[in-house]
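K.L.:
coordinates only, no sequence provided:
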């Protein structure tokens, strides 16, 4: 398998089990939640679990640059509610630190929904949260602090650079980032307001894009969509694909994932998308259902067949 393809996998029983779960399916890339995604509290990472994670990863053929942590569901970084915004920002800061400890180079986040103050306020709140998180991360990655942290633990910390990836949304009421022009504007603001322009990139979700009005059902639609991404965001900013079919029709603004080829995008659309020269170079992560119709192994086989 030449392409870097994987799934969102479980960490049940410990972070290190995620590597086993990815390998069982046949992945050479994968995504995890580093904690319970439906709560605010996170159990501290255990040194022995982190060490096992790294050992298993090093022994595997999984691409080290194609591993991703997804932010939990509860944070809303665009909220004008001060308490929610602070909790959301603190969660992003913590996730970046956990990525750094694990040696995972990317954290993926949803942009959130703005409140009564409107779209521009939501973008400003998002920018404030991301700036705060990157500033905090860069400070805690200083040589002096790394030495201090290492002294508190038997495990040497692995402070690799962590990039924040903004995921396009399906759209809908008060949602940020469903349209490429808005996503490009937000990305430009983030890059221009931080010390490191390499701190940010984009995760493109096919289900979300389709729900937001980008037609991926034909070669013409795929080409037009990626051309718009090129002109409004820049292909050099695209770091990973979330490959999901959609249960709902185009322009639905509904985020409902489906098995690859069984939804409204269909096999023809995914064949064209997967064979596009831009997509072929990128890691692909599936977040498809597991039910009595298919499991992850089945979806992987479909994707490999479409690529061949």
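P.N.:
Looks like it came in fine. In this text, all values refer to a predicted model and were calculated from it rather than measured experimentally.
K.L.:
now the strands for the stretch 201-308 of the chain?
P.N.:
For the stretch 201-308 of the chain, the strands defined by DSSP state E, counting those that start in this stretch occupy 238-243, 245-246, 257-258, 284-286.
K.L.:
of those, which is nearest residue 138?
P.N.:
Residue 138 lies closest, by C-beta to C-beta, to one member of these: strand 238-243, at 19.3 Å. C-betas here are computed from N, CA, C, even on glycine.
K.L.:
buried residues in stretch 230-249?
P.N.:
233, 237-248 (16 or more other C-beta atoms under 10 Å).
K.L.:
and stretch 101-114, by the same measure?
P.N.:
For stretch 101-114, by 16+ other C-beta under 10 Å, it's 101-114.
K.L.:
just stretch 14-30 next, same as before
P.N.:
15-19, 21-23, 25, 27-30.
K.L.:
residue 222 and residue 265: what is the separation?
P.N.:
Distance of residue 222 to residue 265, computed by C-beta to C-beta, to the nearest Å: 10 Å.
K.L.:
overlap of the contact sets of these two?
P.N.:
Listed as contacting both residue 222 and residue 265 by C-beta atoms under 8 Å, 6 or more residues apart in numbering are residue 216.
K.L.:
who does the spatially most central residue of the chain form a beta bridge with?
P.N.:
The centre of the chain sits closest to residue 108, judged by C-alpha atoms, centre = their mean, with a distance of 3.1 Å. According to DSSP bridges, the partner residues bridging residue 108 are residue 70, residue 165.
K.L.:
residues in contact with it?
P.N.:
Contacts of residue 108 (C-beta under 8 Å, 6+ apart): 31, 68, 69, 70, 71, 165, 167, 203, 240.
K.L.:
and of the residues you listed, the nearest to residue 182?
P.N.:
residue 167 (13.2 Å).
K.L.:
residue 64 contacts residue 102, doesn't it?
P.N.:
No: Residue 64 lies out of contact with residue 102 (C-beta atoms under 8 Å); the separation is 10.9 Å.
K.L.:
quick check: the farthest pair among the buried residues of stretch 230-249?
P.N.:
Across the buried residues of stretch 230-249 (C-beta to C-beta), the longest gap, 28.4 Å, separates 237 and 247.
K.L.:
quick one, what contacts residue 303?
P.N.:
5, 243, 260, 270, 274, 284, 286 are the contacts of residue 303 under C-beta under 8 Å, 6+ apart.
K.L.:
please disregard the earlier target; I meant residue 122.
P.N.:
So residue 122 contacts 78, 79, 80, 112, 113, 114, 115, 174, 176 (C-beta under 8 Å, 6+ apart).
K.L.:
what's the separation between it and residue 185?
P.N.:
12 Å.
K.L.:
picking up where we left off before, now intersect the contacts of residue 122 with the helices, please.
P.N.:
With helices defined by DSSP state H, no entry of the contacts of residue 122 lies inside them.
K.L.:
quick one: these as JSON lines, columns for distance to residue 96 too.
P.N.:
Below are the contacts of residue 122 laid out as JSON lines (distance: C-beta to C-beta, whole Å):
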{"residue": "78", "distance to residue 96": "18"}
{"residue": "79", "distance to residue 96": "19"}
{"residue": "80", "distance to residue 96": "23"}
{"residue": "112", "distance to residue 96": "17"}
{"residue": "113", "distance to residue 96": "22"}
{"residue": "114", "distance to residue 96": "23"}
{"residue": "115", "distance to residue 96": "25"}
{"residue": "174", "distance to residue 96": "26"}
{"residue": "176", "distance to residue 96": "20"}
